[in-house]
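Enquirer: Fold the following and give me the result.
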Amino acid sequence: SSTLPNILIAGTSGSGKSTLVKSIICQLLENYTPSELNLIYMDNKGGVESNLFKNIEHLTTRTKNPFETIDALIELKKEMFRRMELLEQQNTTNIIDYNRSVENDQKLPFILAVVDELFSFATLPTSSNNPGEVHTQKVAYRVMGEIASMCRAAGIHLMFCTQKPTSDVIPTYITCNCGIRIG
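Expert: Numbering: from 1, shown residues only. Prediction:
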């Protein structure tokens, strides 16, 4: 629903993070059709964690490295704003009310966006001399923060995964938007 929070899952290597993430995703896939739920899996571990889901109908986007992930996050931000515009046009404040007020072919699926291994962004350059460069740590964290702070009403929920939940890996303006934290 639009009230469910974003999730931060943190734990050391081998502690069961990936198993937990996959279990959560599998439960959601079992209970929701692709027209009700879309999955975006941003796998910064070369695609090995998201490999299990690569052939399911729910999966709309799959990335394998931080550069692809930043591009996917920018697209997700655009989708969030597109959905916000639809909510406003329909005089609703959240996806549930929106979906109740439109015909079946106009309903929006919820989106679960998994960002697996945030440490990958900490290794990127913080900024660039090229003003158009988007593959920087600053851009990645800014876009994640913008999405995390506004996404729930639009039916987008984020699941962040990391081994190191410190502020140098995941800024506090992102963690403060994660109502569920599992460690």
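Enquirer: For this structure, just list every one of the helices.
Expert: Using DSSP state H, the helices of the chain run over residues 17-31, 66-89, 95-101, 119-122, 137-150, 172-175.
Enquirer: got JSON lines for those, with mean neighbour count and mean pLDDT too?
Expert: All C-beta atoms are positioned from the backbone trio N, CA, C, and that covers glycine. Formatted as JSON lines, the helices of the chain follow (neighbours: other Cβ atoms under 10 Å; pLDDT from 0 to 100):
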{"stretch": "helix 17-31", "mean neighbour count": "15", "mean pLDDT": "94"}
{"stretch": "helix 66-89", "mean neighbour count": "17", "mean pLDDT": "97"}
{"stretch": "helix 95-101", "mean neighbour count": "17", "mean pLDDT": "96"}
{"stretch": "helix 119-122", "mean neighbour count": "20", "mean pLDDT": "88"}
{"stretch": "helix 137-150", "mean neighbour count": "19", "mean pLDDT": "93"}
{"stretch": "helix 172-175", "mean neighbour count": "17", "mean pLDDT": "85"}
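Enquirer: Leu8 is nearest to which of the ones you listed?
Expert: Leu8 lies closest to helix 172-175 among the helices of the chain, at 6.0 Å (Cβ to Cβ).
Enquirer: And Asn99, how close does it get to Ala154?
Expert: Asn99 is 12 Å from Ala154, where distance means Cβ to Cβ, to the nearest Å.
Enquirer: Give the residues shared as contacts by the two.
Expert: Overlap of the contact sets of Asn99 and Ala154 (by Cβ atoms under 8 Å, 6 or more residues apart in numbering) consists of Leu108.
Enquirer: Nearest approach to Leu52 belongs to which of the helices of the chain?
Expert: Closest among these, using Cβ to Cβ: helix 17-31, at 6.4 Å.
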